[in-house]
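**Student:** sequence plus predicted model, see below.
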Amino acid sequence: MGTLNNEFDNWLPLETRTLRESVTELIRRAIIEDRLEADSELNQAQLAERLGISRGPVREALGRLEQEGLIRNVPYKGVYVTPLSPAYVRELFSLRAVLETFAVGYASELPYPADLSDDLSALEDLVDKMRSAARRSDSLGLAELDIAFHRRLIEMARHELLKKTWMPLEIGVQRCVYTRHQIYSSLDEVIGTHPTLISAIAERNVEQAKEILHDHIIEAGEMICRVWSESKETGAEAG
């Protein structure tokens, strides 16, 4: 984890034509990947100076990140990185379970003949890449592949409104996935039931696929909350 000063010192100059987008993505990635700690202050003037740009694009970027829930603006105090909370994780993962199991069910029971072979091949390829990333101990790459796997499940449903509902949640999902991957004693554990889920979808065993996916998502959220709880208890005992 880094401080505001350290995190932005090494960034390359930004292209003028995409200043707002570039600043937004750089800060977003730093928060998602936990390189900017929760409750870190983001000073607009300091950010602009570090990046060598005017305050305008920084102000717009911070506004976008506030909409995404990654930062919060405290009146008369400043802008801070929003901490994850057990309540938020449980809400997010319970909603994920609803949306993703719906996607699997909808894809398997589309009202017109659907060929899911391309989707299944893509999912299998992602799992293979996840295994390779785990062997390389590439936790960031593995997290990105894990997110891509679940995004593909949503896309598999060919349901535009579902995709639009999922997209605002994906930022929170990414942040939680990066956090969860730091918990495992071995990154191989991340692969988990992904291959079994693919097999159930391929066999059009809808109920089994939905059960596997639901349990996977809910257990992942509970794992994050459980570790946080244990960390707080340990900290309290040490104090």
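**Tutor:** That came through, no problem.

**Student:** quick check: buried residues in stretch 191-198?
**Tutor:** Buried residues in stretch 191-198, counted by 16 or more other CB atoms under 10 Å: 191, 192, 194, 197, 198. Quick note: C-beta positions are derived from backbone N, CA and C, even for glycine.

**Student:** residue contacts, the residue sitting nearest the centre point of the chain?
**Tutor:** The chain has residue 174 as the residue nearest its centroid, 0.7 Å off, counting by CA atoms, centre = their mean. Neighbouring residues of residue 174 by CB atoms under 8 Å, 6 or more residues apart in numbering: 32, 143, 147.

**Student:** and it, how far from residue 155?
**Tutor:** 16 Å (CB to CB, to the nearest Å).

**Student:** one step back: of the contacts of residue 174 - the most surrounded one?
**Tutor:** Within those, residue 143 tops the neighbour count with 25 neighbours, counted by other CB atoms under 10 Å.

**Student:** is it correct that that one is in contact with residue 178?
**Tutor:** Yes: Residue 143 lies in contact with residue 178 (CB atoms under 8 Å); the separation is 4.9 Å.

**Student:** shared neighbours, the two?
**Tutor:** By CB under 8 Å, 6+ apart, no residue touches both residue 143 and residue 178.

**Student:** rewinding a little: quick one: the host helix or strand of the residue nearest to the centre of the chain to chain centroid distance?
**Tutor:** For residue 174, the enclosing helix or strand under DSSP states H and E is helix 160-181. On the basis of CA atoms, centre = their mean, to the nearest Å, helix 160-181 sits 5 Å off its chain's mean C-alpha point.

**Student:** tell me the first helix or strand C-terminal of it.
**Tutor:** Per DSSP H and E, the first helix or strand lying C-terminal to helix 160-181 is helix 194-202.

**Student:** report all helices and strands that that following helix contacts.
**Tutor:** Counting contacts by 3 or more CB pairs under 8 Å, 6 or more residues apart in numbering; DSSP states H and E, helix 194-202 packs against helix 86-108, helix 117-135, helix 206-238.

**Student:** would you map out the domains in the chain?
**Tutor:** 4-81, 86-238 (automatic domain parsing).
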